[in-house]
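Novice: Have a look at this fold, sequence not included:
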């Protein structure tokens, strides 16, 4: 008998259990619900060299006694002294990439027999992809002569003046929408929009699979389209996946899946002074997959993550084979070694490329800095970009062949100014952030709230296999830090809500609010008026949790989240909450509404999918099947105003990637294939334009 | 942005068995394999990565499965447990080929599974397991030798 057939025959009988398939099906419907309980350990060799580990451990032992609030356990110490990340060192000469090349050589040697595969960069603590915090409804994109005094909604951004990319934009008169094959520009035309021009989403580039545009920015006369491409593999033909449009993958959560065979991110700048004829001005590319971006005024800051896959192709005389490249239109060159920031003790061969591009009168790239490490979560204020890279902190354990490994965040502060980017400070703290709303800068102080997982890692001395165990009860904790401009810790609160993790956070001036959850959701209020002494001043325990917090109006904090069973922690339907924060020490839940039958909304983990305006009393977001509009009043609470379905039940393309925006008296609901218009008073349908 | 419900269920239909079987071959434990399968799909569903072909999608899934399986501990609440303490499908006969494979070391099991079940080439296996091709070959060689000893019957292809 043939071994292969015998093995196949027996393996074919092995299948996942019904229970698992059911869970997967449910998770498919609502990925935000699932709680990942396990912690994925990354091999230490890829992040810390042996020397660095010693430094870290020694430092931890030294600092352990200095923790202000230490109750022992994961909460202390607050800051890893002697972290290898403290030594920022620039590779010196312009043409000398020797230090960088050396890293690849040693990485290549280490790769054989090394199991810990880095591909899924969520090879770290998997936090729920939820999104929360203060978001300011961007009222105006800037002065625009075409809009006059029309009232309109902008992208729901975190920091006023710091634009974030999205799939739909408006300038108060025109609507810009990413469709299936094209990016459409429509004139809103007072409730009967019409397409005035369109731009192909994907271009034609030989040897490349152009994934097409995935997000954009709009200013008064510029349209900046972000696109990504992947290279066609050497062997095998490319069969483009049957993926719905707009579903390109910039994962602005914790870690980014690199484009499969390496690729570029490109910002294409169009002149749209004449909306009926967008003119392509210039394109700016950088190696890697899209990590994140922001725009301040006319300056675009674009961040990508680049990993080198093909070690065999590395040629010491050709830096482009192992360092990222930048291109302007078709001219490409590797990043300058003087713009590279490498850490002598870190053997990482993955890069984060940060560029500043002026898209104004004469578009040009102003500056670039390339760092080691895969940072993608970032918080950006008007002056600084704080980029987070996942890392791990090791400490000795009192068991044989064992050590404690805790999730950590490497924070880099990059000063940004009119397109210039400068790396100025870095630090490593314990814990990971949920998303951009877990951070906030005020008067030069960075406030950051984290969740830390600690695992016990044991190595089998026989075969080198690594096993780890975690006790979720004991080894998960939440902490809040305040850091100065050198990223030195000013104050902290550690070991908040042990066994729980952060589900949402929001900083508002001198106050901070955040939600942790395991079975019950405490909403903590934090007094941050003295950065050296952050203090919890209140904790409201309510069932369920919020994924997203938004400052609705004075003394009113809105939360979008889910209900949950108090005993089991099982997550249920979507829930809207309005908290009364007039007295932060005694926050109450003034109104709440569970949306029966609605289990999922993109808005739970993507803040750009929600539209909130207290003046118009609108709280609107997509559901699983359509677009929901609620109003709020202190007397009557939440009331459903509209449940909008642009297409029929089974017409997928009308049901996802939805965005709502208002211009003047109308609400425009945008799907990749159509724009529906509704009047703002009673949500009567006005028109439906199909995007072809 | 996540996948739509339809895309997610078609994905699960296509790949859940493949992921589960690889996870099972590594952990030798149906419960752990279930957990790993869930984790793998969650990552996919939440990240919705772009693939240039189905081949690449499959390769990504296999890699993530291996990564998860490698990190996964069979005991979440207790500390290190000896590797032998695993549950195999109870109704496997003694002459079961699968039972014999389960007695190999994890790396050898993975090589055997990817080679004989998933029909990957040595180079592909080397890429997935981050090894040299020659290391893969020696794992397979040792696996075959061990299996020959363990299996009473003579099997072709060993």
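Specialist: Received it, and whenever you're ready, just let me know what you need. Values in this document were obtained by computation on a predicted structure and should not be read as measured data. Residues are numbered from 1 along each chain as shown, chains lettered A, B, ... in the order given.

Novice: Could you pull up the residues touching residue A:673?
Specialist: Residue A:673 makes contact with A:179, A:180, A:647, A:653, A:654, A:690, A:691, according to Cβ atoms under 8 Å, 6 or more residues apart in numbering or on different chains. Bear in mind the C-beta positions are built from the backbone N, C-alpha and C, glycine included.

Novice: which stretches of chain A have low pLDDT?
Specialist: Scanning chain A for pLDDT under 70 picks out the ranges A:27-96, A:106-149, A:203-211, A:230-262, A:309-311, A:343-349, A:374, A:460-474, A:519-520, A:649-653.

Novice: quick one: which of the contacts of residue A:673 sit in strands?
Specialist: The members of the contacts of residue A:673 that map onto strands under DSSP state E are residue A:690.

Novice: Now, of the contacts of residue A:673, which are buried?
Specialist: If you count burial by 16 or more other Cβ atoms under 10 Å in any protein chain shown, the buried members of the contacts of residue A:673 come out as A:179, A:647, A:653, A:654, A:691.

Novice: what's the most distant pair in the residues you listed?
Specialist: Across those, the longest distance by Cβ to Cβ is 13.9 Å; it joins A:179 and A:647.

Novice: Would you mind listing the outside residues contacting stretch A:481-491?
Specialist: Applying Cβ under 8 Å, 6+ apart, the external contacts of stretch A:481-491 come out as A:68, A:78-79, A:411, A:413, A:424-427, A:429, A:444-450, A:492, A:528, A:530-534.

Novice: Just the ones of the buried ones among the contacts of residue A:673 in helices?
Specialist: Counting by DSSP state H, no part of the buried ones among the contacts of residue A:673 is found in helices.

Novice: And those, which is closest to chain B?
Specialist: residue A:653 (9.3 Å; Cβ to the nearest Cβ).

Novice: Give me the subset of the buried ones among the contacts of residue A:673 that also touch chain B.
Specialist: Among those, no residue sits close to chain B (Cβ under 8 Å from any Cβ of the partner chain).

Novice: Let me know the secondary structure of whatever residue of chain B ends up closest to chain A.
Specialist: With Cβ to the nearest Cβ, the shortest gap between chain B and chain A falls at residue B:8, namely 2.7 Å. Secondary structure, DSSP: H, G, I helix; E, B strand; the rest coil: residue B:8 is helix.

Novice: Just confirm it contacts residue B:45, I think it does.
Specialist: Yes. Assessed by Cβ atoms under 8 Å, residue B:8 is found in contact with residue B:45 at 5.4 Å.

Novice: Just the buried subset of the contacts of stretch A:481-491, written out for PyMOL, thanks.
Specialist: Burial among these is assessed by 16+ other Cβ under 10 Å; the matching PyMOL selection reads:
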select buried, chain A and resi 78+79+411+413+425+426+427+429+445+446+447+448+449+450+492+528+531+534
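
Novice: what about residue A:8, how many residues close to it?
Specialist: Applying other Cβ atoms under 10 Å in any protein chain shown, we find 14 residues neighbouring residue A:8.

Novice: Give me the spatial nearest neighbour of it, chain neighbours excluded.
Specialist: Computed as Cβ to Cβ, 6 or more residues apart in numbering or on different chains, the closest residue to residue A:8 that is not its neighbour in sequence is residue B:117, at 5.9 Å.

Novice: What's the local residue count around the one you found?
Specialist: 20.

Novice: In the chain, mark out all the helices, start to finish.
Specialist: By default, I'm working from chain A. Using DSSP H, the helices of chain A run over A:3-12, A:18-29, A:50-64, A:98-111, A:472-475.

Novice: I was after chain B.
Specialist: Counting by DSSP H, chain B has helices at residues B:5-27, B:30-47, B:54-71, B:97-101, B:106-112, B:122-129, B:133-150.

Novice: doesn't residue A:447 make contact with residue A:438?
Specialist: No. Using Cβ under 8 Å, residue A:438 makes no contact with residue A:447, being 9.1 Å away.

Novice: which residues sit in contact with residue A:581?
Specialist: Residue A:581 neighbours (Cβ under 8 Å, 6+ apart): A:511, A:513, A:525, A:555, A:556, A:557, A:587.

Novice: From chain B, how far out is it?
Specialist: 31 Å (Cβ to the nearest Cβ, to the nearest Å).

Novice: Could you do residue A:434 as well?
Specialist: For residue A:434, the distance to chain B equals 14 Å [Cβ to the nearest Cβ].

Novice: ok, that residue - how many residues close by?
Specialist: 29.

Novice: How about the contacts made by the most centrally placed residue in chain B?
Specialist: What sits nearest the mean C-alpha location of chain B, by Cα atoms, centre = their mean, is residue B:22, with 2.0 Å. For residue B:22, the contacting residues are B:62, B:65, B:66, B:69, B:110, B:113, B:114, B:118, by Cβ under 8 Å, 6+ apart.

Novice: Quick check: residue A:601 touching residue A:573?
Specialist: No. With contact defined as Cβ under 8 Å, residue A:601 does not count as touching residue A:573 (10.5 Å).

Novice: quick revisit: pick out whichever of the contacts of residue A:581 sits closest to chain B.
Specialist: Of all those, chain B sits closest to residue A:513, with 25.2 Å by Cβ to the nearest Cβ.

Novice: Next one: the residue lying closest to that closest one once chain neighbours are set aside relative to residue A:607, how far apart?
Specialist: Closest residue in space to residue A:513, ignoring its immediate chain neighbours: residue A:506 at 4.9 Å, by Cβ to Cβ, 6+ apart. Residue A:506 sits 11 Å away from residue A:607, going by Cβ to Cβ, to the nearest Å.

Novice: same check, this time on residue B:8
Specialist: To residue A:607, residue B:8 is 23 Å away according to Cβ to Cβ.

Novice: More neighbours: which of those two?
Specialist: residue A:607 (28 against 23).

Novice: show me the contacts for residue A:439.
Specialist: With Cβ under 8 Å, 6+ apart, residue A:439 has these contacts: A:379, A:386, A:388, A:433, A:446, A:447, A:448, A:449, A:507.

Novice: Oops, could you answer that again for residue A:595 instead?
Specialist: Applying Cβ under 8 Å, 6+ apart to residue A:595 gives the contacts A:573, A:574, A:575, A:576, A:623, A:628.

Novice: My guess is the first one contacts residue A:593. True?
Specialist: This means residue A:573. No. At 10.2 Å, residue A:573 does not count as touching residue A:593 under the criterion of Cβ under 8 Å.

Novice: I'm done for today, thanks for sticking with me.
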